[in-house]
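Peer 1: Sequence below, structure please.
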Amino acid sequence: MTREQLWDIIGNIDDRFIAEAAQYDPKQRSRSPERIGVMSKKRLITFALAAALILALGVTAYAVGMGIHRQRQAEMRESFGMEGGSAPAYVEYEVPEEGTGGATLLSAINNGGSQRIIVNVAPVTRDDLALTQHPVMFSINGGQTWEQAMTAGDENSAYDAESQTLTVSVMFGTDGKQPGEEITVLFNVNGSLDLGSLVVKITDPDTRLVQLSEPIVLTNPVTEKPVTLIGVELRGNQAIWMLETEDAAYFYGDHSSDSEADAKLRQDNIVTWINWLDEQFRATKLYFADGSSCSFNGHEFSDVNGNLVSPHVDYDRLAIDVSQVVSIEMNGQTYKIR
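Peer 2: Here you go, the predicted model:
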């Protein structure tokens, strides 16, 4: 049972049963939740019931008193189906028991060409969140340039109002860098409040090249020409597919000299092509030796070399053990992997 399901159940507890245990205090109800210093007895009992239910169900990851850093780590393991399993590319770090200000490194994943780190940053206020969708900025070159750190999930799941902590995901390239090499990452909020820095070591990558025994031949919905998938490079937290298409130059080449009408038509066709690719990947599954499986999300971007197009596609979980993949299901067929 997830935390969200648990709180849905708690939220549906009939107030009459709680009222039997405590006198309702109307004065407390009229006060802003952010300014209440002392809870009414009714609210205390509600949370006591919640804690009891959590313990009864064994959901220790959300026990009362757990620091926000450890809580976020537990949430990620559960959300991405990593409980009871392992992924060599996924490294989880020791974190303080209690929430701390600045930047706190939770975990890191190396996908072979880039490294992603999950970080808690604080303080981030509601006002900061209101200014922009991604208020946390990061820099890996000493502050010469800054990029947005993506919120790790939606605002409701990634933000903890009590500790003013936001969980973010940062990705940077690892080309030319060796495992163990240190990278310093600086953080700030909306370009002003300095959140300090942290040092990240490049972790070991986890990759596996899989060439399909029988290429998968699909039909481009725009041009009706064949699209041949010949293999996939499985990485710790991302797959890079390899497909051949005669339409690579049309979709990815330079068309700056096109007329306005041709440019508009090409843009529409690119959207159709990208949406179609996403449909193919989302309908694809990886199966593991233990019988479990995972799916893919839509692709992030593509590398192009002649007629070879290599879309980068994320899994629907945080990371996988590539050595445990035994088959791929795509286009209605299952392809075994040796």
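Peer 1: Which stretches in the stretch 201-338 of the chain count as helices?
Peer 2: 248-252, 260-282 (DSSP state H, counting those that start in this stretch).
Peer 1: buried sites along the longest one?
Peer 2: Right, helix 260-282. Neighbour counts over helix 260-282 (16 or more other CB atoms under 10 Å) mark 266, 269, 273, 277-278, 280-281 as buried. The way it works is simple: take the backbone N, C-alpha and C, and place the C-beta from them, glycine included.
Peer 1: Confidence-wise, which helix or strand of the protein is lowest on average?
Peer 2: helix 26-29 (a mean of 35; mean pLDDT, DSSP states H and E).
Peer 1: that older thread, I'd like to know which of the helices of the stretch 201-338 of the chain lies nearest to residue 304.
Peer 2: helix 248-252 (4.5 Å; CB to CB).
Peer 1: Quick one: mean pLDDT for that closest one?
Peer 2: Helix 248-252 shows a mean pLDDT of 93.
Peer 1: what's next to it, contact-wise?
Peer 2: 223, 266, 269-270, 273, 302, 304, 306-309 (CB atoms under 8 Å, 6 or more residues apart in numbering).
Peer 1: hmm, try it at 10 Å
Peer 2: 220, 222-223, 225, 227, 245, 255, 266, 269-270, 273-274, 277, 302-309 (CB atoms under 10 Å, 6 or more residues apart in numbering).
Peer 1: doesn't residue 127 fall inside a helix?
Peer 2: Yes. With DSSP: H, G, I helix; E, B strand; the rest coil as the criterion, residue 127 is part of a helix.
Peer 1: can I assume it is in contact with residue 192?
Peer 2: No. Counting by CB atoms under 10 Å, residue 127 stays clear of residue 192, with 11.6 Å between them.
Peer 1: what residues are up against residue 280?
Peer 2: Here residue 280 is in contact with 216, 218, 227, 229, 241, 243, 296, 298-299, 311, 313, 330-331 (CB under 10 Å, 6+ apart).
Peer 1: Can I get the buried part of those as one ChimeraX selection?
Peer 2: Buried subset of the contacts of residue 280, written as a ChimeraX selection, criterion 16+ other CB under 10 Å:
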select :216,218,227,229,241,243,296,299,311,313,330
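Peer 1: will you turn the contacts of residue 280 into TSV that also has distance to residue 109 and pLDDT?
Peer 2: Output for the contacts of residue 280, formatted as TSV (distance: CB to CB, whole Å; pLDDT from 0 to 100):
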residue	distance to residue 109	pLDDT
216	27	90
218	30	93
227	29	95
229	25	93
241	19	94
243	25	95
296	16	91
298	19	81
299	18	81
311	19	93
313	15	92
330	24	88
331	28	83
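Peer 1: out of the contacts of residue 280, which one sits closest to residue 145?
Peer 2: Using CB to CB, the contacts of residue 280 come closest to residue 145 at residue 299, 25.8 Å.
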